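Asks: coordinates only, sequence not included:
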């Protein structure tokens with residue numbers, strides 16, 4: 001929970017900027033552009049293509065705003081319903097692990113949960129098979145859950161924990177090596193805690209990096225979109241001013 005709260009706190013500012021930027025775009029397209037259109041209509045002059053595109057987008061939003069709302073509502077409902085299905089959940093979880101930038105973060109958080117929870121259960125005297133059955137549900141990812149289930153089945157057949165995890169390719173080599181060392185030395189719980197602490201540190205560092213990157217990207221996106229709208233409005237107005245002079 002503490003790790004999740006850190007991630008949410010770091011993402012709060014970019015999410016707020018995206019929300020504010022969306023509202024500003026909506027106001028520009030619904031309030032500002034229609035008022036300027038009346039000025040354009042009073043002049044018999046061909047407008048630049050980007051201004052015509054902006055006017056078309058503004059007219060579409062004003063005329064079909066209800067359709068946009070319906071698309072958002074039903075799109076969200078359809079996505080949630082699809083993700084609740086086993087096939088949809090597996091596809092979505094696989095996508096989360098492979099998406100650029102954020103996929104690595106999802107994997108780090110899941111492995112950290114796995115290592116810390118398994119260490120706690122083993123240190124409390126829970127048998128390894130039962131501990132794996134419990135731990136797989138804290139991963140929050142169906143793909144990784146199946147890896148743990150396969151590891152449990154392999155352990156039942158006499159293999160170590162590290163071997164099936166390494167074969168899956170979902171766990172970093174450093175994780176499987178440390179687990180293997182812990183099994184051989186009889187210090188598996190301590191090694192798992194070390195893995196969890198190392199991955200927690202990587203999560204904090206990656207979240208800080210992503211936040212530092214997202215903030216200027218969001219500013220550039222918001223400023224660029226607003227600048228394009230202003231350019232599409234001011235460019236024909238300046239041409240009209242020169243025509244009048």
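Replies: Perfect, thanks for sending it. If you're wondering where the values come from, they're calculated on a predicted model, not measured in any experiment.
Asks: following the helix-or-strand element of the chain with minimal mean pLDDT, which helix or strand comes up?
Replies: Ranked by mean pLDDT, DSSP states H and E, the weakest helix or strand in the chain is helix 33-41, scoring a mean of 77. Under the assignment DSSP states H and E, the closest C-terminal helix or strand after helix 33-41 is helix 49-84.
Asks: What is the helix or strand that residue 197 is a member of packed up against?
Replies: Remark: residue 197 resides in helix 188-244, with elements defined by DSSP H and E. Counting contacts by 3 or more C-beta pairs under 8 Å, 6 or more residues apart in numbering; DSSP states H and E, helix 188-244 packs against helix 2-27, helix 33-41, helix 49-84, helix 102-123, helix 173-185. Heads up, the C-betas are built off the backbone N, CA and C, glycines and all.
Asks: Going by neighbour count, list what's buried in the third one.
Replies: What it means is helix 49-84. 51, 54, 55, 58, 61 (16 or more other C-beta atoms under 10 Å).
Asks: Same question for the last one.
Replies: Applying a neighbour-count criterion of 16+ other C-beta under 10 Å, the buried positions in helix 173-185 are 175, 176, 178, 179, 180, 182, 183.
Asks: and the closest residue to residue 199 other than its chain neighbours, what does it touch?
Replies: Using C-beta to C-beta, 6 or more residues apart in numbering and skipping the chain neighbours, the partner closest in space to residue 199 is residue 112 (3.9 Å). Residues near residue 112 by C-beta atoms under 8 Å, 6 or more residues apart in numbering: 3, 195, 196, 199, 200, 203.
Asks: how much space is there between residue 103 and residue 141?
Replies: 11 Å (C-beta to C-beta, to the nearest Å).
Asks: Of these two, which one has the most company?
Replies: It is residue 141, of residue 103 and residue 141, that has more neighbours when counted by other C-beta atoms under 10 Å, with 23 against 14.
Asks: quick one: pLDDT of that one?
Replies: With respect to pLDDT, residue 141 has a value of 85.
Asks: Pretty sure residue 92 is one of the things it touches, is it not?
Replies: No - between residue 141 and residue 92 there is no contact under C-beta atoms under 8 Å: 9.4 Å.
Asks: count of residues packed around residue 143?
Replies: Neighbours of residue 143 under the rule other C-beta under 10 Å: 21.
Asks: That one and residue 92 touch, don't they?
Replies: No - applying C-beta under 8 Å, one finds residue 143 not in contact with residue 92, separated by 9.8 Å.
Asks: Identify each buried residue in stretch 115-127, please.
Replies: 115, 116, 117, 118, 119, 120, 121, 122, 126.
Asks: ok, now how distant is residue 84 from residue 149?
Replies: 20 Å.
Asks: Low-confidence regions, this structure specifically.
Replies: Residue ranges of the chain with pLDDT under 70: 3, 42-45, 240-245.
Asks: Now for the residue nearest in space to the middle of the chain: which residues touch it?
Replies: By C-alpha atoms, centre = their mean, the chain has its centre lying nearest to residue 102, at 5.7 Å. Taking C-beta under 8 Å, 6+ apart as the contact definition, residue 102 lies against 96, 210.
Asks: Look up the closest residue to residue 90, ignoring the ones flanking it.
Replies: Residue 90 sits nearest to residue 142 (C-beta to C-beta, 6+ apart), 4.8 Å away.
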